[in-house]
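Student: I would like the atomic coordinates for the input below:
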Amino acid sequence: MIFRKINSIFFAVLVTVLILAGCGSGKATAVLKDSNREDVHRIAVLPVFNETSDQQAALLLRDKIQNALYFKGYPKITAQFVDEQLSNGQAKEQDIQDKAEYFRALGKQMQVDAILYCDLRESRTNYYFLYSPLSVSAVFELRSAKSGELLWRNSYSAIKRNYGLSKDSLRLKGAQDYEDAIQELVDQAMRGIPDSSDVLG
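Tutor: The predicted structure is shown next:
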């Protein structure tokens, strides 16, 4: 009798959640135009600005962005190189109030055509009775390293939902879905960046 009641509650929760919640959302505020694409051959990916306490998500997000750009035909500029340039270079964001000027200085220093910047807004898992949503969201910006202008901007969020009878089972399922959620976030965001013109010819 007790198990039947638990199953009924579980089913009701499941149906309600599926009706009320979507799988994710995205909003593009600027689009990389064909005229700009012709000038973009090398893209440097800056360290992720992390507004969460999840350091692993920030590192994983940056790595997956670099891989996604590589498979679109852009040369891979290693995180180590970018970080060394940021540490040793002349351009310091706190010393340059003009954002466009800062990105122009970085572009000249790194010898790239564009710089991709990501702001990780959310990476968290909530645990409820029989249900646990994992949420990640981020804002992506691509700026010209020549003019400093905004070429493309996109924000996206991804949600993975798990159901279980115990918190331990929810934690296990959440750990398994963690990387998939980050990958989904990157896949959706990268739709706003076309393949490299070097690949397309």
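
Student: thought D54 was touching S123, still the case?
Tutor: Yes: under the criterion of C-beta atoms under 8 Å, S123 lies in contact with D54, with a separation of 4.1 Å. For every residue, glycine as well, the C-beta is placed using N, CA and C.

Student: quick one: which of these two has more around it?
Tutor: Relative neighbour count places S123 above the other of S123 and D54, with 25 against 18, counting by other C-beta atoms under 10 Å.

Student: check contacts around that one.
Tutor: 52, 54, 57-58, 135-136 (C-beta atoms under 8 Å, 6 or more residues apart in numbering).

Student: tell me the secondary structure for it?
Tutor: Secondary structure for S123, judged by DSSP: H, G, I helix; E, B strand; the rest coil, is strand.

Student: give me the number of neighbouring residues for D177.
Tutor: For D177, the tally of surrounding residues (other C-beta under 10 Å) stands at 19.

Student: looks to me like it is in a helix.
Tutor: Yes: counting by three-state DSSP, D177 falls inside a helix.

Student: wait, it sits on K160?
Tutor: Yes: taking contact to mean C-beta under 8 Å, the distance of 4.0 Å between D177 and K160 places them in contact.

Student: picking that back up, identify, from the contacts of S123, the entry nearest to L106.
Tutor: Nearest to L106 among these, counting by C-beta to C-beta, is A58 at 19.3 Å.

Student: just after whatever helix or strand the closest one lives in, pick out the following helix or strand.
Tutor: Secondary structure assigned from DSSP states H and E places A58 in helix 55-71. Toward the C-terminal end, the helix or strand that comes next after helix 55-71 (DSSP H and E) is helix 79-88.

Student: buried residues in that next one?
Tutor: Along helix 79-88, the positions that meet the burial threshold by neighbour count (16 or more other C-beta atoms under 10 Å) are 79, 82, 85-86.

Student: stretch 142-161 too?
Tutor: Of the residues in stretch 142-161, those with enough neighbours to count as buried (16+ other C-beta under 10 Å) are 142-145, 148, 150-161.
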